[in-house]
Structures are given as C-alpha cells and as structure tokens.
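>>> Have a look at this prediction, sequence included:
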Amino acid sequence: MSNSAGDNLKPRVVVLGGCGFIGRNLVEYLISNDLVSALRVVDKTPPQLAFLNPSHNKVFEDPRVEYKSANLINPASCAAALEADGLPWSYVLNCAGETRVGQTEAVYSEGIFTLSVNVAKECAKLKVDRLVEISSGQMYSSDKPHKEDGPVEPWTVEGRMKSKVEQELRKLESELNYTIVRPAIVYGIGDRRSLTPRLLYGAIYKHLGETMKLLWTSDLKMNTIHVVDVCRAIWTLAITPEANGQVYNLVDEANSTQGSLAQMVAAIFNIKYDYYGTAISTLAKNDIGSVAEEANDKHLTAWADICRTYRLQHSPLEPTTNTELLLNHQLCLNGDRLRGLLTLQVPSPTSDKLLEILQDFASMDLFPKELL
C-alpha cells in the first residue's frame, strides 16, 4: 500500500459482496480510476472461486485491495468484516445479498434483510461517512416511469426484502449517513443472473433450431442500466453530500422493453422469436409455477447438452428463471434525479454490449465460442 501523502488523502472504502457481479466491477472502477487509498473486498466466495476474468483478477491483485471472507448474516462476522485496521473507513458500498433463483422466502429474508440490517447497524456504530445500499428497482409495477417518492408495492420477494431494508435505514437516520440506489436490470461483463439467462435462451434456441417464444407481448417494460454506470452512480452518490438520506433510481435512457431486448438477442444468434400474447399468457399465469418448471427443465436439459457438445467443464451459467419474473409486471423507472448529477456512459443497451458479456465468458471457456 502506498504511503504517499496524496494517496493517504484518498478515501478508504469497503465493498461488500465485492466478488459478485456489481461488486467486481465496482472494485475495478475504484482501482482503475485511482479513487481510493485502501479497498477491502468482503465476500463469502474468495476471488479464486468467483470466475473472475483476467482483467478483474489483475485488479484484485492490486496492493490497495485486501480480501476478507465473511458471512454478513452473522452479526459477529459482519463486525469483523467492517473492523477498521487503523484508520476508519470512509465509505461502505453494500453490493451483498442473496441473488440465486428459486430459494425459499426464509433464505431471501436472511440473505437480504438480515444481512443489510447487520451492515447498517455496524456502519452506524463505526460512524462511516456514508453507506450506499443497493436496493431494487422492483418496487412498483407500472408502464409509466416510477419516481423514487412514488407508491411502493414490491412485486418480487427480493423487492419486498429490499423495501423492508429501506424502512430500517430510515429508522437509523439520526445515527447513520446512507444513500439508497434502486437499479433497473443491471447488465454487463460478469452478469450471470440479469440479462444473461435471456442470452442463454438465444443460444439454446439456435442449438435446437427452434423459434424462441416469450410470454406476454413485446411492450412489457424491462428497463435497464449498464454496470459501468451503476458503479459510476454509486461512487458519485457516495461522495455527494446532498445525496445523504436520499433514494435514487438507476436507469438508462433506452426505456427497454421485452421486445427491444428480444430483438437484440435474436440478432446475436440469428434466430426467430415470437410471443404467446396476453390471452394465452393470462391462462398460463394461473399455473405459473408449472410453466416456470417446464421452461427451466427444457432450457437446463438443452444447456447441459450444449456444455457436453462443446466440452464446457465447469460453467456457472444457468438458463433459469423464477415464477415472479414470468408474470406481467412492468419494470419502468424514472431516472431524472440521477441525471441531474451524472451523464450516463452507456445510455442504452446494444447487441454489441450484450455480445461483450458472452464473449467474456467464452474467453474463459464458460460459453461456447462456436455459438457466437
């Protein structure tokens, strides 16, 4: 770690969930832009097992970066993870939380609510300059852009747990400096659970030689934000005094829909796609659990065949979805508050930006180059 006076004036930062998708990109952003004097990465999964690409691996080897293993659901482990080593921490950026598909409500409650409340209480005790909490954009379903101060009716279990976290943070307002961000669908290098399953469906239907069919219609709002802009927003808000105690939607300018995203996936794989439409999808809604199970079985079987065919030994990619994401819920956010502070680097998704995700996985032999 550098001892120069200039470096020591830079903030000391903790990134929780730093080996995850947003976390690894945030670590890269902070180090490559020389924004910190010290950076502690906290995660249950060590970097060596996190399928980091060479670029992220190199960043994790920077002398300013320290990795610490912790289970933040456990209060003692959480306290140890945030224990200052000499100088206090300036900012704690919480990217941690349960994101696996198909877990029980109790697992999400522990992995999101309990975890984030432990972090918030510890940050209050340590009097950190700012905690930035990554919440969820799934707070209200409407085809009109939802503002931060609008009604809250979360439509996924993750959204419900994140909403409870937001309420707990407000209770700590007198003793904790915090900012809440609510991202739309986050995509980019390292994404395994946001748009990547849809990209895998494209590969699967190319492999099967079939038309990719989707529930509902092309108009279903699925707003997006690139991970680079999420990282830039997190840092900008952390260091902005006026952002204390505030909530910000993170969303790009594309007003993405199921149709615009499906068009890009189809272009990448040169496949046909279609929709079941509202009438059939409404019937399917009555037994959505079985519909999800049947779709997951088909996609997982085909993906296993692809992995065998192209000799992919240990790919962590999974073409699965859960029932909540198959329902007719709109993800449509108003991003005006953030746009007053930050100009986006990636204003809309493109086929090339989605292709980058798969090319990155293919370079590590986690996705077949032959299907691109």
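Great, that's in hand.

>>> you'd agree residue 133 is in a strand?
Yes - Residue 133 forms part of a strand when assessed by DSSP: H, G, I helix; E, B strand; the rest coil.

>>> Let me see the confidence value for it.
At residue 133, the model reports a pLDDT of 98.

>>> The closest residue to residue 351 other than its chain neighbours: how many residues sit nearby?
Distances taken as CB to CB, 6 or more residues apart in numbering place residue 264 nearest to residue 351, at 4.5 Å, with adjacent residues excluded. Placement of C-beta: from N, CA and C, glycine included. Around residue 264 there are 20 other residues, counting by other CB atoms under 10 Å.

>>> The one 4 residues further on too?
By the other CB under 10 Å criterion, the neighbourhood of residue 268 contains 19 residues.

>>> Going along the chain, name the helices of the protein.
5-8, 21-32, 54-60, 75-82, 105-108, 115-126, 157-171, 196-208, 227-238, 258-269, 277-285, 288-309, 336-339, 351-363 (DSSP state H).

>>> quick one, which of those is nearest to residue 44?
Taking CB to CB, helix 75-82 is the member of the helices of the chain nearest to residue 44, at 9.5 Å.

>>> For that closest one, name the packing helices and strands.
Packing partners of helix 75-82 (3 or more CB pairs under 8 Å, 6 or more residues apart in numbering; DSSP states H and E): strand 12-16, strand 38-43, helix 115-126.

>>> sorry, back to before: could I get the helices of the chain as a markdown table with mean pLDDT and distance to residue 151?
Listed next are the helices of the chain as a markdown table, based on pLDDT from 0 to 100; distance: least, CB to CB, whole Å:
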| stretch | mean pLDDT | distance to residue 151 |
| --- | --- | --- |
| helix 5-8 | 56 | 46 |
| helix 21-32 | 98 | 26 |
| helix 54-60 | 97 | 38 |
| helix 75-82 | 97 | 32 |
| helix 105-108 | 94 | 22 |
| helix 115-126 | 98 | 22 |
| helix 157-171 | 97 | 11 |
| helix 196-208 | 96 | 28 |
| helix 227-238 | 98 | 23 |
| helix 258-269 | 97 | 23 |
| helix 277-285 | 80 | 23 |
| helix 288-309 | 92 | 24 |
| helix 336-339 | 96 | 17 |
| helix 351-363 | 98 | 32 |
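
>>> okay if I get these as CSV plus distance to residue 140?
Output for these, formatted as CSV (distance: least, CB to CB, whole Å):
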stretch, distance to residue 140
helix 5-8, 43
helix 21-32, 22
helix 54-60, 34
helix 75-82, 30
helix 105-108, 19
helix 115-126, 20
helix 157-171, 9
helix 196-208, 23
helix 227-238, 20
helix 258-269, 18
helix 277-285, 19
helix 288-309, 20
helix 336-339, 16
helix 351-363, 27
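
>>> nearest to residue 47, of those?
Nearest to residue 47, of these and by CB to CB, is helix 54-60 at 4.8 Å.

>>> By neighbour count, which bits of the closest one are buried? Give me those.
Residues of helix 54-60 classed as buried: 56, 59-60 (neighbour count, 16 or more other CB atoms under 10 Å).

>>> Extract the C-alpha set from it and format it as CSV.
C-alpha atoms of helix 54-60 as CSV (Å, rounded to 0.1, in the frame of the first residue of the first chain):
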residue,chain,number,x,y,z
PRO,A,54,-8.2,-11.8,-16.3
SER,A,55,-9.0,-8.0,-16.0
HIS,A,56,-10.8,-8.4,-12.7
ASN,A,57,-8.2,-10.8,-11.4
LYS,A,58,-5.5,-8.3,-12.1
VAL,A,59,-7.4,-5.6,-10.2
PHE,A,60,-7.9,-7.9,-7.2
